[in-house]
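> sequence-free structure coming up:
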């Protein structure tokens with residue numbers, strides 16, 4: 001057995017395979033140098049593929065992994081389908097060399113996290129994509145949500161908007177929490193009001209990350225008389241545009257809308273969407289570099305690399321109607 005575990009010569013392929021299979025059956029971890037040896041598999045775990053930002057990320061990460069000789073395995077959570085924990089179990093069975101998680105349970109305070117601890121205990125290299133809850137101890141690449149919210153708010157305020165609302169994801173979602181904290185601070189400062197007055201002045205809605213979620217949340221915001229809305233994703237923003245139109249109003253004539261991601265085709269929407277761009281290309285390459293460094297036993301600290309977002313101004317924002325009249 002020691003000859004197999006230490007990769008020494010003089011062991012037939014069938015014997016080597018039998019020993020490794022016995023380890024698997026008994027529940028022992030294969031030595032690092034034999035893990036994923038043949039396929040060098042990397043799991044890429046995504047929440048969905050309907051939001052174009054996730055296929056874009058898969059393309060960048062998958063391409064960068066392939067260039068380094070790894071095989072990416074795409075694992076997508078679907079309603080009623082496999083969970084993140086299910087995928088982690090399958091990936092461990094395949095002796096995966098590492099895992100990249102994007103938009104997963106690591107960002108949600110109330111979600112299950114045992115599968116991350118399992119990967120940690122097995123010593124599997126992991127990188128997280130975007131803000132994570134505390135105490136997971138994995139390296140993370142993230143867009144600076146505080147800066148992103150600031151760019152969107154400052155843009156609308158500079159156009160003359162005073163009643164600005166925010167639509168973000170669920171309350172336990174870390175990127176949404178960061179955007180909300182920055183938005184609240186900016187709105188309070190701009191309003192110069194007590195927190196109670198600030199809340200009425202800067203209403204906030206939490207939604208599921210879907211077009212329907214964005215539409216429902218924005219419909220509620222419109223009751224507060226907002227003239228501008230900042231959204232936590234482009235998909236939410238498209239829902240916001242639909243809500244404004246269903247209310248008999250126009251974008252940007254009555255309500256300006258700002259998205260987040262700058263995912264595919266947002267320059268082709270009607271109107272083209274003003275949004276805050278995530279630097280997916282550089283983030284994806286950094287995530288792969290962090291992962292490969294761990295696989296090659298280069299020391300990697302569980303720190304967060306923050307990337308700067310960029311405001312992309314298009315046709316969905318303009319001066320408020322009161323300013324124009």
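Now that the structure is in, tell me what you want to look at. Quick caveat: nothing in here was measured; it's all calculated off a predicted structure.

> in what helix or strand does residue 72 lie?
Using DSSP states H and E, residue 72 sits in strand 71-76.

> List the neighbouring strands of that strand plus their orientation.
Using DSSP bridges, the strands paired with strand 71-76 are strand 41-46 (parallel).

> Assumed residue 141 was part of a strand.
Yes - using DSSP: H, G, I helix; E, B strand; the rest coil, the assignment for residue 141 is a strand.

> I'd assumed residue 289 was in contact with it.
No - the pair residue 141 and residue 289 does not pass the contact test of CB atoms under 8 Å, sitting 9.5 Å apart. Any C-beta I mention is one placed from the backbone N, CA and C, and that applies to glycine too.

> longest helix in this structure, by residue count?
Longest helix in the chain by number of residues (criterion: DSSP state H): helix 174-191.

> centre of the chain versus that one, how much separation?
Helix 174-191 sits 19 Å away from the centroid of its parent chain (CA atoms, centre = their mean, to the nearest Å).

> Please identify the buried residues of it?
Neighbour counts over helix 174-191 (16 or more other CB atoms under 10 Å) mark 174-180, 182-184, 186-188, 190-191 as buried.

> Stretch 61-77 now?
Here stretch 61-77 shows 61, 62, 64, 65, 70, 72, 73, 75, 76, 77 as buried, counting by 16+ other CB under 10 Å.

> Stretch 83-102 now?
84, 87-88, 91-92, 95-102.

> Next, the buried residues of stretch 154-167.
By neighbour count on 16+ other CB under 10 Å, the buried set for stretch 154-167 is 155, 156, 159, 161, 162, 163, 164, 165, 166, 167.

> what pLDDT, on average, does stretch 56-72 get?
Stretch 56-72 shows a mean pLDDT of 96.

> Among the buried residues of stretch 83-102, which ones are in helices?
Those of the buried residues of stretch 83-102 lying in helices (DSSP H): 84, 87, 88, 91, 92.

> Dump those to TSV, plus pLDDT.
Converted to TSV, those look like this (pLDDT from 0 to 100):
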residue	pLDDT
84	94
87	95
88	96
91	96
92	96
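
> Tell me the one among those nearest to residue 40.
Nearest to residue 40, judged by CB to CB, of those is residue 91 at 12.8 Å.

> Which residue comes closest to the spatially most central residue of the chain once chain neighbours are left out?
Closest to where the C-alpha atoms of the chain average out (CA atoms, centre = their mean) is residue 103, at 3.6 Å. Distance criterion CB to CB, 6 or more residues apart in numbering; nearest residue to residue 103, sequence neighbours excluded, is residue 47 at 4.4 Å.

> now the helices for the stretch 201-325 of the chain?
211-222, 234-246, 280-295, 321-324 (DSSP state H, counting those that start in this stretch).

> just these: most buried one?
The highest mean neighbour count among these, using mean count of other CB atoms under 10 Å, belongs to helix 234-246: a mean of 24.

> now that one and helix 211-222, what's the angle there?
50 degrees (axes from the mean of the first three to the mean of the last three CA atoms, to 10 degrees).

> ok now do the nearest residue to residue 267 once chain neighbours are set aside, which residues does it touch?
Using CB to CB, 6+ apart and skipping residues adjacent in sequence, the residue nearest residue 267 is residue 314, 6.4 Å away. The contact partners of residue 314, taken as CB atoms under 8 Å, 6 or more residues apart in numbering, are 266, 267, 271, 272, 273, 274, 275.

> so who does the closest residue to residue 98 other than its chain neighbours touch?
Ranked by CB to CB, 6+ apart and with sequence neighbours excluded, the top spatial neighbour of residue 98 is residue 125, at 3.9 Å. Residue 125 makes contact with 97, 98, 99, 291, 294, 295, 300, according to CB under 8 Å, 6+ apart.
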